[in-house]
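> sequence unknown, structure follows:
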């Protein structure tokens, strides 16, 4: 799968999620995620460490991360990486879930990597970013 095709799909999803224009613009220009939602959905730049973490996950699993939601849970500090799969046949189902504010994410647990996993998470829009609600 070509990265450019994945990027176009990621941009469509970012618009559907109504992420702030700046986050969409930055992703479009840089070909990588630069912003994360933190706390109550406010957007912040990724740190160099977080950028490296995203790049490593993208390479390992052949995905394109288009947004990161950072939060602390009772089981650790988590980075929910919203992504586009390299399997185009999955995209229709992904977009159907998106309409219900459910997205596929790789959740990286910084405190305990054994708890990192792929799955779906429920989200809501807030302050131009996103918040994980379940």
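That came through fine. If you're wondering where the values come from, they're calculated on a predicted model, not measured in any experiment.

> Look up which residues are beta-bridged to residue 103.
When bridges are called by DSSP bridges, residue 103 pairs up with residue 121.

> what's near enough to touch it?
13, 17, 82, 94, 97, 120-121, 123 (Cβ atoms under 8 Å, 6 or more residues apart in numbering). Backbone N, C-alpha and C define where each C-beta goes, glycine included.

> likewise residue 87?
residue 1.

> and what of residue 63?
Residues in contact with residue 63 (Cβ under 8 Å, 6+ apart) are 57, 83-86, 106.

> Neighbours of residue 82, how many?
Using other Cβ atoms under 10 Å, residue 82 is surrounded by 26 other residues.

> I meant to write residue 88 there.
Neighbours of residue 88 (other Cβ under 10 Å): 12.

> From residue 102, how far off is it?
Going from residue 88 to residue 102 by Cβ to Cβ, to the nearest Å gives 20 Å.

> Repeat that for residue 2.
27 Å.

> Give me the more crowded residue out of these two.
The neighbour comparison of residue 2 against residue 102 (other Cβ under 10 Å) goes to residue 102, with 15 against 8.

> I'd say residue 17 and residue 98 touch.
Yes: Residue 17 lies in contact with residue 98 (Cβ atoms under 8 Å); the separation is 7.1 Å.
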